[in-house]
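# generate a structure from the sequence data that follows.
(2 chains)
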Amino acid sequence: MSKTLKRTVVKGAAAMAVGFAVVIGATHLLGSDRGEEIAAADMGAVTLASAQMGGLSAPDPAPQLPAAALTPGKTLEPAIEIAAPAPEATQAADCTATLDAMLMEGAMVRLTVNAPCDASARVQIRHETLIFDIQTDANGAVSVDMPALAPIAMFEADVAGLPLRAIAAIPDFESYTRIALQWQGQTGLQIHALEFGADIGTDGHVWADAPGTSLRAVRARGGFITRLGDSTLTDGHAAEVYVFPVGTIQRDGTVRLSVEAEVNAFTCGKPVEGKVLQPGAGGQMQSTALTLEIPDCDAIGDILVLKNLLRDMKIASN
Amino acid sequence: MTIQRAAVFAALLMSGPGIAAAEDVTLTSRDGTVEVSGNLLGYDGEFYRVDTDFGILTLDGSGVICNGPGCPDLTAHVAKFTLSGAPAMGAVLIPSLLESFAARNGFAVRRVVQSDERFTYELTERRSDTLAARVTFRLNSSDQGFADLIGDEADIALSLREVTQPEAALARTGELGDLTAPGRSRIVALDALVPLVSVSNSVDRIDMGDLAAIFAGEITSWAALGGADEPILLHLPGETSGLAQSFVTRVLVQYGKDRLAEGITRHDTNTALADAVAADPFALGMGSFSDMGNAAPLTLIGPCGFASNATITDIKTEDYPLTAPLFAYLPARRLPALAREFLRYVGSPAAQPVIRRAGFVDQFPAAIPFQNQGARFANAIDRAGSEIDLGELQRLVRGLSGHSRLTVTYRFEGGATALDAQSRSNVALLAEALERGVFDDRTLLFVGFSDGQGPAAINRRISQTRARAVRDAVRAAASTVDPSRLTLATEAFGEAMPMACDEVEWGRGVNRRVEVWLK
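Next up, the predicted model:
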């Protein structure tokens, strides 16, 4: 059983089905008396590298999704407890807030915030200089799937001033290339990707209304866009990330990237602050602060199209 | 010198009855003995430019103290400069270089955008969080870039072509001096003019003469090129584009065409042209190597069958005939210190990966090993005739074996001995590499070649003269080099290894060259 567990760890996201099978075994383990195996399964069940207080006792597995307990991404890093500056506190706290990072396919990570005492609270997620704001539900929970922007992805969630941290290792990070646009407020900003000469509105035109899914990228058909941030939050940070399977795609050509900014009543005549993240000369993500001067209010309804803000992706399959 | 003279006049003036009224600044030397007053024209962080009664004076800021309402705030000095010109250079290449330069030098970067053609970069020093520079971009065309430089609306002109005679004449009437002088322009990177078609077009090569005839409207159907009997739909960049102008001069005029065909679709950007061509199986456009998008390039062929492809190496060596250097033209006055540092960075080895990543060709000398050039030697043998005999071919092979060819190659303008723009830049490049010690204890062989017109013996002698001239120019430019550390030798093989067809002028231009081989 433990051997299966290890193999799941190594194979990462692809082993979800196996993961489910092992869940049954693991629950079995928790119930059994074998100390060491319990510890291994425990590591899987506990949110790694989070600021969980009194975290060493086995939490009740019932409220947590079984699949989450055996996340390959998490169990890969038992050594990285240094990322969790959790003070040793007494076990108490219905109000224990946790951040969970679960590896998904397409170099994506599912972040889950559980903050039982912070219902409908604003949460700011920070990852590699990208920032966006979301909101917990009535139970103080919120979950978001986001693309990882680094091979060792560190996430920070700020819930009512309390920073929570989580980390995930992304084994297939290099297979994808990504570009991100971040802003604040109701800006109507959008990334548009035209893949390999696709016309507007066709299959290769990826944007907010036709974002694609990570499956499209995993299958090396093309890229996809993830929109991050809650648009109902005033002055909330939001972002779009376009991910493209540069390592597996079998075509040569260019992906044209452009940014469209709608001139609306919120933004007309004012500057929109934001950030562009795109690969620099060495390949790592480079961040450039951005101020967009939106045209005046007599141009409401117009769309400002920027074709040179995001560098086009030139793909050469090998 | 200037200050002393000014001191005398200033002393005289001050002793006279009250001079004219409020002046902007008064610059006093630190020992108080010299004083200059006038209107401040500019302060670049190092030097004051003051309009005084004796004319415009430039004074070293570290030697004087400024008093008066016009004095700049020394602690908050922000370097400001404007780049104006070709979108092909300003859209991606220069901003990428600026972002990279900023990252290397501890600056945070903010891009303030009004549109794709008008934006400003703000560089803030990270440590002190102070604004250090504001770099404004105004992108329109090469034509507009020169106009802005001449009209003092811009500090640097970005151009896809060299300055024209009328523009240079206009510049001379103002403060810009001689724009054609060396040092007034830099080659930032290399691009090339490439004929583009859609990937679904079966035609993959084109004779340069046919290309000229097609754009002149003389050939109108793909059938003439071995394709379907369908009309050829033509695309070019806008009339003010340096690339379009370059195409007309180097291809159409060369073949004696004096007008363009009717109904050519013009595009504001190379991107738009490439995308339009890629979408239409009957389109033919002149695009750029740096942005072929999803279109396919055509191989250029000459009447004798030699083929030229636009590849990074062939553009660097200028073996591809339609290379297009990207120029930055500079004003006569000093630019702010940060601008000068940026230009230095752009010419340095550190900037070359950024240039490549942006899709352009960098100029850095690369070495092509002897064994990778089999095709060239095979051609030489194939074309050997009565004038190039076995003995000469063996001399060629023996002379070059054990050496690698450097991508630095020299070509000439107008058939004479004047180097063309890319080659003039190559003299400085090679000299700089020598000064940096890259080739210490190695042998550099300057090898002259010629076209095939005229007797072989005379061609060999001409190519020897050219090889020596280039070698001497490089040696003169590398003035700080210790001569004992280098061997700069020459050799000449005349018409022995042609690279293009002698039947056409552009082919002869490709053949007339001095290569540099390294041992």
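# let me see the contact set for the closest residue to B:Ala366 other than its chain neighbours.
Counting by Cβ to Cβ, 6 or more residues apart in numbering or on different chains, B:Ala366 lies nearest to B:Thr407, which is 4.8 Å off, once chain neighbours are set aside. Placement of C-beta: from N, CA and C, glycine included. By Cβ atoms under 8 Å, 6 or more residues apart in numbering or on different chains, the contact set of B:Thr407 is B:Thr313, B:Lys316, B:Thr317, B:Pro365, B:Ala366, B:Ala367, B:Ile368.
# tell me which element the first one falls in.
Put plainly, it is B:Thr313. Remark: B:Thr313 resides in helix B:312-316, with elements defined by DSSP states H and E.
# residues in contact with that helix?
B:190-192, B:289, B:308, B:319-320, B:323, B:356, B:361-363, B:366, B:368, B:407.
# quick one: the helices in the stretch 1-150 of chain B?
B:2-15, B:87-90, B:93-104, B:142-150 (DSSP state H, counting those that start in this stretch).
# packing partners for the second one?
For helix B:87-90, the helices and strands in contact under the criterion 3 or more Cβ pairs under 8 Å, 6 or more residues apart in numbering or on different chains; DSSP states H and E are strand B:130-139, strand B:156-159, strand B:323-329.
# most tightly surrounded among those strands?
strand B:156-159 (a mean of 28; mean count of other Cβ atoms under 10 Å in any protein chain shown).
# what strands line up against it, and which way round?
Take DSSP bridges as the rule and strand B:156-159 pairs in its sheet with strand B:79-85 (parallel), strand B:323-329 (antiparallel).
# mind listing what's buried along the first one?
Along strand B:79-85, the positions that meet the burial threshold by neighbour count (16 or more other Cβ atoms under 10 Å in any protein chain shown) are B:Ala79, B:Lys80, B:Phe81, B:Thr82, B:Leu83, B:Ser84, B:Gly85.
# please put the alpha-carbon coordinates of it into CSV.
In CSV, the C-alpha atoms belonging to strand B:79-85 read as follows (Å, rounded to 0.1, in the frame of the first residue of the first chain):
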residue,chain,number,x,y,z
ALA,B,79,17.0,62.0,-17.3
LYS,B,80,14.5,62.6,-20.0
PHE,B,81,14.8,61.6,-23.6
THR,B,82,12.5,60.8,-26.5
LEU,B,83,12.9,58.1,-29.2
SER,B,84,10.9,58.6,-32.4
GLY,B,85,10.7,56.6,-35.5
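# which other residues reach that strand?
So strand B:79-85 is contacted by B:44-45, B:90, B:94, B:132-142, B:144-146, B:148-149, B:153-159, B:328, B:335-339 (Cβ under 8 Å, 6+ apart).
# distance from it to the middle of the chain?
When distances are taken as Cα atoms, centre = their mean, to the nearest Å, strand B:79-85 is centred 18 Å away from the chain's centroid.
# quick one: the strands in the stretch 151-300 of chain A?
Using DSSP state E, counting those that start in this stretch, the strands of the stretch 151-300 of chain A run over A:152-159, A:162-169, A:177-184, A:189-195, A:205-206, A:224-228, A:237-244, A:253-262, A:271-279, A:285-293.
# for those strands, give me TSV that also has mean neighbour count, mean pLDDT and distance to B:Ala279.
Listed next are the strands of the stretch 151-300 of chain A as TSV, based on neighbours: other Cβ atoms under 10 Å in any protein chain shown; pLDDT from 0 to 100; distance: least, Cβ to Cβ, whole Å:
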stretch	mean neighbour count	mean pLDDT	distance to B:Ala279
strand A:152-159	20	95	38
strand A:162-169	21	93	41
strand A:177-184	23	95	24
strand A:189-195	23	95	11
strand A:205-206	22	96	13
strand A:224-228	21	97	23
strand A:237-244	24	96	21
strand A:253-262	22	94	12
strand A:271-279	19	92	26
strand A:285-293	20	92	29
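# what's the closest of the ones you listed to B:Ala457?
strand A:253-262 (50.7 Å; Cβ to Cβ).
# can you tell me how far the residue lying closest to A:Ala198 once chain neighbours are set aside sits from B:Glu432?
Nearest residue to A:Ala198, sequence neighbours excluded (Cβ to Cβ, 6+ apart): A:Gly204, at 2.6 Å. Remark: distance between A:Gly204 and B:Glu432 (Cβ to Cβ, to the nearest Å) = 45 Å.
# swap in B:Ser96?
23 Å.
# and B:Thr33, by the same measure?
For B:Thr33 relative to B:Glu432 (Cβ to Cβ), the value is 42 Å.
# want to throw the buried residues of strand B:79-85 into TSV with distance to B:Gly293 and pLDDT?
TSV is the format used below for those (distance: Cβ to Cβ, whole Å; pLDDT from 0 to 100):
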residue	distance to B:Gly293	pLDDT
B:Ala79	36	90
B:Lys80	35	92
B:Phe81	31	94
B:Thr82	29	96
B:Leu83	25	97
B:Ser84	26	97
B:Gly85	22	95
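# for chain B, what's the longest helix?
For chain B, the helix that runs over the most residues, judged by DSSP state H, is helix B:456-477.
# picking that back up, and A:Gly204 and B:Glu432? which has more neighbours close in?
When neighbours are counted by other Cβ atoms under 10 Å in any protein chain shown, A:Gly204 and B:Glu432 differ, and A:Gly204 comes out ahead with 21 against 15.
# pretty sure that one sits against A:Phe196.
Yes. At 5.9 Å, A:Gly204 and A:Phe196 qualify as touching, with contact defined as Cβ atoms under 8 Å.
# and for those two, which residues touch both?
Between them, A:Gly204 and A:Phe196 share no contacting residue, judged by Cβ under 8 Å, 6+ apart.
# residues contacting B:Pro353?
So B:Pro353 contacts A:Ala281, A:Gly282, B:Asp362 (Cβ under 8 Å, 6+ apart).
# just the element for the residue nearest to the second one when sequence neighbours are not counted, please.
Put plainly, it is A:Gly282. Nearest non-adjacent residue to A:Gly282, counting by Cβ to Cβ, 6+ apart: B:Pro353, 7.6 Å away. Take DSSP H and E as the rule and B:Pro353 turns out to sit in helix B:352-357.
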